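Undergrad: Output the structure for:
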Amino acid sequence: NFSISIHYTMSISGQNLSVVIVTLRSEKVIDQCINSINKNLPIIVVENSNNFKFKNYLENNYKNVQCILSKDNLGTGAGYNIGIKFSKTDYVYVMNPDIILEVNTLDEIFIASKKLSDFSILSPICSDKNFPNYGLLNKNYQEKNLPFKVRYVDGFSMLLNKKKFKNNDYFDEKFFMYWENNDICVRAINDGGSVFIIPKAKINHLGAKAVDPKFFKEVELSRNWHWMWSTFNYHRKYKGFLISLLIVLPKLISAIIKILIYYLIFDDEKKKIYYQRLSGLINAIMGKSSWYR
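TA: As a prediction, the model looks like this:
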């Protein structure tokens, strides 16, 4: 799985790499994220709102940061696309604001890239082994200290080789939240590219901390709706309607049963969560867009 080229053709360095961070009400975590990144790298923050105060704060406090306001909440993939297309480098590292790089993360990426003959996407590895940020190609494969090919990497940490994506076709913006990472990896591999994990490069993922905790309930409802919508539509994109329906049918039945149970025991919060799951699935099955905000 580890390919070495005599002529190093795809070497990443501080001169040809930009960082794109998509935010939404991320004031609580953005500083520790930015401070973990090399201060010489250009950072593009795409804020999914019209928060001029946030933009002014970032650009006044960090010389290497430019903040773009999307005005509306466009979603993760669409936000990444804005930053990627705005960047002027061959490689772009897209990440969530609740990611913290370790001291040598980028150096290890630079070193590893010199030994890879070809790649479309790569990522550092999550420091918490209980929550791997990738899906293996071979379930029996035991990771070593060398880069290894994977089926996908999680969307909170992905480094893209822009030249490998034809017509600037990066993230599918139909996915507002969830599965956009799987989709871009599938398309990259189907186009003859490769997706790698760099095990010597590590990241710390705070996990569901990208948005200010005071919006937790609102975000939790949105996550459940979009998880179900995206699950169905991802499978439909590659497997067709009927197979996708069979895949989500147990989730559909489970949501209905749990809505009834939580209704009977007067647990309104959990009832709302499973109602959102049911709503997301029904909207997906009916062919409606990911409209929920």
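Undergrad: For residue 152, which non-adjacent residue is spatially closest?
TA: residue 185 (3.9 Å; C-beta to C-beta, 6 or more residues apart in numbering). Where you see a C-beta, it was placed from the backbone N, CA and C, and this is true even at glycine.
Undergrad: for residue 38, that is, sorry about that
TA: Of all residues not flanking residue 38 in the chain, residue 106 sits nearest, at 5.7 Å (C-beta to C-beta, 6+ apart).
Undergrad: ok, now which ones touch that neighbour?
TA: 14, 17, 37-38, 41, 201 (C-beta atoms under 8 Å, 6 or more residues apart in numbering).
Undergrad: Now a ChimeraX select for only the buried ones of those residues.
TA: Buried residues among these (16 or more other C-beta atoms under 10 Å), as a ChimeraX selection:
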select :17,37,41,201
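Undergrad: hmm, back to that, which phi and psi does the residue nearest to residue 38 have?
TA: Per-residue torsions, residue 106: phi -70, psi -40 (degrees, to the nearest 10).
Undergrad: Which stretches in the stretch 101-250 of the chain count as helices?
TA: Under the criterion DSSP state H, counting those that start in this stretch, the stretch 101-250 of the chain contains helices at 105-113, 180-190, 216-239, 241-264.
Undergrad: Any chance of TSV for these, columns mean pLDDT?
TA: Formatted as TSV, those follow (pLDDT from 0 to 100):
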stretch	mean pLDDT
helix 105-113	95
helix 180-190	97
helix 216-239	95
helix 241-264	97
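Undergrad: export these to CSV and tack on distance to residue 62?
TA: What follows is those, written out as CSV (distance: least, C-beta to C-beta, whole Å):
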stretch, distance to residue 62
helix 105-113, 17
helix 180-190, 26
helix 216-239, 26
helix 241-264, 42
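Undergrad: Which among those is found nearest to residue 27?
TA: The minimum distance between residue 27 and the helices of the stretch 101-250 of the chain falls on helix 216-239, with 14.4 Å, by C-beta to C-beta.
Undergrad: Run through who's touching that closest one.
TA: So helix 216-239 is in contact with 174-180, 182-183, 186, 211, 243-245, 247-248, 251, 255, 269, 272-274, 276-281, 283-285, 290, 292-293, going by C-beta under 8 Å, 6+ apart.
Undergrad: again, only using 6 Å
TA: By C-beta atoms under 6 Å, 6 or more residues apart in numbering, the residues outside helix 216-239 that reach it are 175-179, 211, 244, 247-248, 273, 276-277, 279-281, 283-284, 290, 292.
Undergrad: what about residue 167, neighbour count?
TA: Residue 167 is flanked by 5 other residues according to other C-beta atoms under 10 Å.
Undergrad: Next, work out how far apart it and residue 132 are.
TA: 32 Å (C-beta to C-beta, to the nearest Å).
Undergrad: Over to residue 276?
TA: 27 Å.
Undergrad: same question, residue 280
TA: In terms of C-beta to C-beta, residue 280 sits 26 Å off from residue 132.
Undergrad: Of these two, which one has the most company?
TA: A count of neighbours by other C-beta under 10 Å puts residue 280 above the other of residue 280 and residue 132, at 28 against 15.
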